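Undergrad: take a look and give me a structure for this.
(one chain, ligands or ions: 2)
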Amino acid sequence: MAIKYQLETIPVWDGIQSSSECFICDLMQEAQADNLRFFLGSSVMNPETRVKVNSTGFCPEHTAMLVESGHPNSMAVLWETHLERTRERIAKTFKEMEKPGNLKKTLAGLDAALSEREQGCLICQRMKDRLDRYCFTIPYLWGQDLEFRKVFEKSKGFCLHHMEHILRMSLEALDSKKQKEFSQSLADLQMRNLDRIAGDLVYMIEHYKSENRDKPWNGCEDAQVRAVYKEIGKGRTIR
Ligand SMILES: [Zn+2]
Ligand SMILES: [Zn+2]
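TA: Ligands and ions are numbered 1, 2, ... in the order given. Below is the predicted model of the structure:
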């Protein structure tokens, strides 16, 4: 089978051995931080980047992260032409608002112009490319390397959000016989780890009862946080 994605062997091997609740979450948080740095770094001066920022832009969530990340000068440069383009697109709306006719139509036009401006996201796109490569590499290595398979089975598994993507990528990374074996192994791994987390939640709830206050936490003091992120994941792309 031809390899459709560039393999990310080193980060995936490091991740699977990290005893994280989902190492894809960790890698995606890193990817987000890298991309925020990229768009506020020297790339701001690159004409090609500026053109992409003006046409595709960023989703509202990543725009907020960019402006909050403490690089006022870069952000000003990045946003100057973005704002200019946006104003060009809504110029017609302002004319209509000044001489109101059919305001429902004006509103629809404004809505379309603003949502079009927020539709794409360069950061989400670049994160998605990395996510595909990581989630392809997992089933690929599982199919090639027995040592990886052993470590995979002993790991804490993945959040449900990323589990879905890993299963999706396994259809591209493995032949149909191995796809089925991988699916079984992934289900087994995930169910075992969800049982563990469910048990931790129960322990936490019991621990909050007054009669159990003096008992040890047994590592369950953050069970609610782990349970939430095991379900929804971290470092998710938004668009
Ligand atoms: Zn995850
Ligand atoms: Zn985004």
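
Undergrad: in stretch 8-17, what's buried?
TA: Neighbour counts over stretch 8-17 (16 or more other Cβ atoms under 10 Å) mark Glu8, Pro11, Val12, Trp13, Gly15, Ile16 as buried. Any C-beta I mention is one placed from the backbone N, CA and C, and that applies to glycine too.

Undergrad: quick check: next helix or strand after the host helix or strand of Arg126?
TA: Arg126 belongs to helix 122-144 when assigned by DSSP states H and E. Sequence order places helix 146-154 as the next helix or strand after helix 122-144, per DSSP H and E.

Undergrad: still on that earlier bit, who are the packing partners of the helix holding Arg126?
TA: The helices and strands touching helix 122-144, judged by 3 or more Cβ pairs under 8 Å, 6 or more residues apart in numbering; DSSP states H and E, are helix 9-16, helix 23-40, helix 146-154, helix 160-173, helix 176-207.

Undergrad: can I get those helices in a markdown table including distance to Glu118 and mean pLDDT?
TA: What follows is the helices and strands packed on helix 122-144, written out as a markdown table (distance: least, Cβ to Cβ, whole Å; pLDDT from 0 to 100):
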| stretch | distance to Glu118 | mean pLDDT |
| --- | --- | --- |
| helix 9-16 | 31 | 98 |
| helix 23-40 | 16 | 96 |
| helix 146-154 | 38 | 98 |
| helix 160-173 | 22 | 98 |
| helix 176-207 | 34 | 97 |
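
Undergrad: among the ones you listed, which is nearest ligand 2?
TA: Among the helices and strands packed on helix 122-144, helix 23-40 comes nearest to ligand 2, with 8.7 Å by Cβ to the ion.
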